[in-house]
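Participant: Predicted coordinates and the sequence they were generated for:
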Amino acid sequence: MAMKQFKAESKRLLDLMINSIYTHREIFLRELISNASDAIDKLYYRTLSDGDTGLNRDDFCINIVPDKENRTLTISDNGCGMTKEELENNLGTIAKSGSLNFKQEIEQKEDIEIIGQFGVGFYSAFMVSEKVTVLSKAFGSEEAFKWESTGTEGYTIEPCEKEDRGTTIILKLKPNTEDNNYDEFLETYTLRNLVKKYSDYIRYPIKMDVEKTRLKEGTKDEYETYTENETLNSMVPIWRKNKNEIKEEEYNEFYKSKFMDYTDPIKVIHSSTEGTATYNALLFIPARAPMNFYTKDYEKGLQLFSNGVLIMDKCADLLPDYFSFVRGLVDSQDLSLNISREMLQHDRQLKIIAGRLEKKIKSELENMLANEREKYEKFFKNFGLQLKYGVYQDFGLHKEVLQDLLLFYSSSEKKLVTLKEYVSRMKEGQKYIYYACGETVERVDRLPQTEAVKDKGYEILYLTDGVDEFSIRMLMKYDDKEFKSVSADDLGLETEEEKQAAAKQVEENKDMLNFMKDALDGKVKQVILSQKLKTHPVCLSTDGAISIEMEKVLNAIPS
Ligand code: ADP
Ligand code: MG
């Protein structure tokens, strides 16, 4: 039987798993159970959409069998199983979701200690095993296959005997060493705790034979041991539990394992509603932007459950683009299980839920801004750009929703401020909300154009992101106060007389200004006398709608 090689990227990941001297290796169990649960989900979903398949929901389960004698731990499920091709494709190559994310992160960080917090996938089995054997029989198939590997050398696949459909994974535990005791993963106590800790919410029973003692019948002090097939998990999904009964750590663990992050979320939003739409939602705002967040690869969306059954992994319709950073899930009993993607888009119930969630997310962000400023600024550093795009998107349709969530650096406060705060500080007689654009705060600070405005004691918002000026122009006004670029011709700083005096000066110096313009020969459109300057002799301005900064942004867009 030929030994097949892992794909190069898988090999590297495997290497990490095999050689890791890593304290969180216990998460292998979480990963294998979650795969088993996914496999049952897949099959269960099929039974719902295909009608009668002769399967009964109550029969689905996951079994754990520790064997101390042979030092093996077996995890089996009666889910969809895998065909020969699927074994090859799913286990021979790095799997799409979990493992791949993890790998990217590792390449960036080279920090082995972060492994545990991740959804690392099937290969995590190699953290505790010297050999992994997978027996699988796909639903509806007559044949079963055995996949086996001892690590990086490769794997084999051959036909095997297996009576029932589903997958059985046999881990041959690594030998114990002085520092590492792998036998603990054969102990009832450890296994029960691990299931409680990581997999309690799994919706199918996770069963294990457990030895117990009881009083022998008819006696007062004689005990006997017996075996009970115990269900280790409560099967209540965390989002259906009462908020008061959930510890912060539980939310965090759930988030990290489910959404493949290694940092705790910055905000957890757990809400349940009844009435026009009945649903439970559990939403998270990540503490950092995923690596691909600002790329085309990022896919927004929430997991959608219908009465506890996953019907869609990333339902995009549940989140507006400007809140695309939110991760989480919605479980509603109002949605039909068989609903198709196309139908979902027009589903009234779904629209109502989406509307509610948007309001909820917004109000949670506003709360954070009001009560946990530092946290909010951290959030804004990660996702503020997305909010600013949101203002600009759809011709400003959402600006009302978003304007109070924006932060800009302030010339006078020397920190990030909201538009509301700016307006509350506006001076008597100040007509506009002033802003200045540049690459960095330091650069904007040195802009000659800011001098006259600052001289008046007016605050200036520094726009240092490419999108900032686009958003500000889309807003046009805040609280009825117009925005004004410090580069604009008329800053509204002068009285009528001052203006006339200035115009007279221009008239008087016309020859000199024309001479300068000619000397600059086509490089400038016009040379004028400016009232904006204090200590600087000259500055550059643009006329018309596009500022120098906007021009830069537009020029940077590949055509
Ligand atoms: P992920 O679960 O994130 O996709 P994994 O590395 O955990 O990545 O698993 C890789 C793939 O192997 C899964 O996507 C699935 O197709 C398949 N798989 C793993 N375990 C099972 C199982 N018990 N039953 C059926 N398929 C499985
Ligand atoms: Mg997995």
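Facilitator: Perfect, I can see it now. Ligands and ions are numbered 1, 2, ... in the order given.
Participant: For burial, what's the neighbour tally of residue 149?
Facilitator: Close neighbours of residue 149, defined as other Cβ atoms under 10 Å, add up to 24. In this view, the C-beta of every residue, glycine as well, is placed from N, C-alpha and C.
Participant: My guess is it contacts residue 125. True?
Facilitator: No. Contact between residue 149 and residue 125 fails when scored by Cβ atoms under 8 Å: they sit 9.5 Å apart.
Participant: shared neighbours of those two, anything?
Facilitator: Jointly contacting residue 149 and residue 125 under the rule Cβ atoms under 8 Å, 6 or more residues apart in numbering are residue 132.
Participant: now the residue of the stretch 251-400 of the chain found nearest ligand 1: how far from ligand 2?
Facilitator: Ligand 1 sits closest to residue 260 of the stretch 251-400 of the chain, with a gap of 8.1 Å, by Cβ to the nearest ligand atom. For residue 260, the distance to ligand 2 (Cβ to the ion, to the nearest Å) stands at 10 Å.
Participant: Likewise for residue 378?
Facilitator: Look at residue 378 and ligand 2: by Cβ to the ion, they are 30 Å apart.
Participant: show me what contacts that residue?
Facilitator: Residue 378 neighbours (Cβ under 8 Å, 6+ apart): 266, 287.
Participant: Checking the residue of the stretch 351-500 of the chain found nearest ligand 2 next. Helix, strand or coil?
Facilitator: Residue nearest to ligand 2 within the stretch 351-500 of the chain: residue 382 (26.2 Å; Cβ to the ion). The three-state label given to residue 382 by DSSP: H, G, I helix; E, B strand; the rest coil is helix.
Participant: Residue numbering should commence at 12 henceforth.
Facilitator: Sure, I'll start counting at 12 from here, so that last one is residue 393.
Participant: Tell me the confidence at the closest residue to residue 390 other than its chain neighbours?
Facilitator: Spatial nearest neighbour of residue 390, chain neighbours left out: residue 277 (5.6 Å); criterion: Cβ to Cβ, 6 or more residues apart in numbering. pLDDT for residue 277: 97.
Participant: what sits against residue 277?
Facilitator: The contact partners of residue 277, by Cβ under 8 Å, 6+ apart, come to 296, 297, 298, 386, 389, 390.
Participant: Those in helices, which ones?
Facilitator: 386, 389, 390 (DSSP state H).
Participant: who's in contact with the last one?
Facilitator: By Cβ under 8 Å, 6+ apart, the contact list for residue 390 reads 277, 278, 296, 376, 379.
Participant: among those residues, which are in helices?
Facilitator: Counting by DSSP H, the part of the contacts of residue 390 found in helices is 376, 379.
Participant: Quick one: the strands in the stretch 12-161 of the chain, in order.
Facilitator: For the stretch 12-161 of the chain, the strands defined by DSSP state E, counting those that start in this stretch cover 73-78, 83-88, 140-148, 155-162.
Participant: Tell me the buried residues in the longest one?
Facilitator: So that's strand 140-148. Of all the residues in strand 140-148, those buried under the rule 16 or more other Cβ atoms under 10 Å are 140, 142, 143, 144, 145, 146, 147, 148.
Participant: residues near the residue in the stretch 112-261 of the chain positioned nearest to ligand 2, how many?
Facilitator: Of the stretch 112-261 of the chain, the residue with the smallest distance to ligand 2, taken as Cβ to the ion, is residue 132 at 4.5 Å. By other Cβ under 10 Å, 27 other residues sit near residue 132.
Participant: Tabulate the ones in helices among the contacts of residue 277 (TSV), appending pLDDT.
Facilitator: Formatted as TSV, the ones in helices among the contacts of residue 277 follow (pLDDT from 0 to 100):
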residue	pLDDT
386	97
389	97
390	98
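Participant: quick one: least confident helix or strand in the chain?
Facilitator: Sorting the helices and strands of the chain by mean pLDDT, DSSP states H and E puts helix 109-120 at the bottom, at a mean of 55.
Participant: Please give me every residue in contact with residue 218.
Facilitator: So residue 218 contacts 72, 73, 74, 75, 240, 241, 242, 243 (Cβ under 8 Å, 6+ apart).
Participant: just to revisit the earlier point, out of the contacts of residue 277, who's nearest residue 445?
Facilitator: Proximity of the contacts of residue 277 to residue 445 (Cβ to Cβ) peaks at residue 390, which lies at 26.2 Å.
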